[in-house]
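**Q** structure, please.
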Amino acid sequence: MNERSGLKLKILIVGLAILLIGGFHCAMRASLDPVALSVLPEVPKQGAPIVVTFYLNNTSLQPSTMTYEFYANGKLIESGATTVASLNSKKYQYVYENTVEIGEQLNFVVKTNSAGGGDYEEIVSTPIYHPHIWSSFISFASFSTSVMSSMSSLAYYQSSFGPSTGLKAGIIVARIKNMARDQILYKKSPEDATLLLHLWARFGSSDETNQYLTRSFQSKKENVIEFLKCYLPSSTGLEPDSPHGGKFNRIHYDSVAKVVNPDNVYKALKTLYGTRLDAMTRKEATASPENMITYQFIRIHFIAISEMEKVDETKIPYSQARFN
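**A** Next up, the predicted model:
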């Protein structure tokens, strides 16, 4: 029975997985291209909103001033200039009202210019389908869009696509929680764990995922390492010096922070490593994949704490400010 429930859950979330993977791929490109552009859903429903996200990326070691222009179907929507810190990015999101007819193409373009990167242009076009093929995607696209938008509220999309959307999201969360009662998600299904935890936190409760994960770390101190490994791009990335994107970076850290308080991850690592944790060197980190991912996490964690201390005037505790 549990296996059948798990299979049904995976069928329900496969569409969401495709969109999350697409978003993650776009985020990972932040270290490569001056612009990363994504559009959701890829198969829009006529009259439904489209979420356009783009990142302006600075891969140099110096701050960079970038000018940008954002076009939708040839019309200039936004333009401006901004300074991006070294090895950092700035995110922009827009909700575009889709007024094109079924079967027509949508084109989104971001053009940038910077002293270090010169002129750059990124284009994303929605695919053109025959109307009969297009119609077969409509119900899935409307559901995926309403669940996956990180900018517009679920209530907004429910008004666009109907009240059943919220019910579907609730069913998925209920099934994830049911699976979690009998197993540790990131140990039983490491390839699906990040998606399952994200959906649970996003459409259920981040407090629940925080408590669930913290208890799992306390049940066995090595569990925290297994949890962090789930956020690496691939199994090959577990090699300490892998050149293929296996490094645990700020994108992964921010994803972790959406499902569990990073302070609790740090405390679990402290229990595992003891006094060696804060004094770990790069040389020690290369001794094992476990040491490397720990080293990478704590370095980013200390940077995040430092960033929060710089805005201390808000008087919001670090744990509350980061975990939301």
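**Q** residues near Glu191, how many?
**A** Other residues lying near Glu191 total 10 when counted by other C-beta atoms under 10 Å. (C-beta placed from N, C-alpha, C; glycine too.)
**Q** Gly296 in helix, strand or coil?
**A** Not Gly; residue 296 is Gln. helix (DSSP: H, G, I helix; E, B strand; the rest coil).
**Q** how about it: what's its closest non-neighbour residue?
**A** Phe248 (4.1 Å; C-beta to C-beta, 6 or more residues apart in numbering).
**Q** over to Tyr96: give its phi and psi.
**A** phi -100, psi 130 (degrees, to the nearest 10).
**Q** who's in contact with the closest residue in space to it that isn't next to it in sequence?
**A** Spatial nearest neighbour of Tyr96, chain neighbours left out: Ile50 (4.6 Å); criterion: C-beta to C-beta, 6+ apart. Contact analysis of Ile50 by C-beta atoms under 8 Å, 6 or more residues apart in numbering lists Val39, Leu40, Pro41, Pro44, Val95, Tyr96, Glu97, Asn98, Leu106, Thr145.
**Q** can you map out the strands along the stretch 101-250 of the chain?
**A** Using DSSP state E, counting those that start in this stretch, the strands of the stretch 101-250 of the chain run over 107-114, 118-125.
**Q** can I assume the residue nearest to Tyr96 sits in a helix?
**A** No: secondary structure of Ile50 (three-state DSSP): strand, not part of a helix.
**Q** neighbours around Lys267, how many?
**A** The number of residues packed near Lys267 is 15, by other C-beta under 10 Å.
**Q** can you pull the contacts of Glu97?
**A** With the criterion set at C-beta under 8 Å, 6+ apart, Glu97 makes contact with Pro49, Ile50.
**Q** so it bridges to which residues?
**A** Counting by DSSP bridges, Glu97 is bridged to Pro49.
**Q** swap in Leu56?
**A** Applying DSSP bridges to Leu56 gives these bridge partners: Val35, Lys90.
**Q** next, count neighbours for Tyr253.
**A** Tyr253 has 21 neighbours, counted by other C-beta under 10 Å.
**Q** re earlier: a markdown table for the contacts of Ile50, including distance to Thr83 and pLDDT?
**A** Below are those laid out as a markdown table (distance: C-beta to C-beta, whole Å; pLDDT from 0 to 100):
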| residue | distance to Thr83 | pLDDT |
| --- | --- | --- |
| Val39 | 26 | 82 |
| Leu40 | 28 | 76 |
| Pro41 | 33 | 70 |
| Pro44 | 33 | 64 |
| Val95 | 26 | 75 |
| Tyr96 | 26 | 75 |
| Glu97 | 31 | 72 |
| Asn98 | 33 | 70 |
| Leu106 | 31 | 81 |
| Thr145 | 33 | 39 |
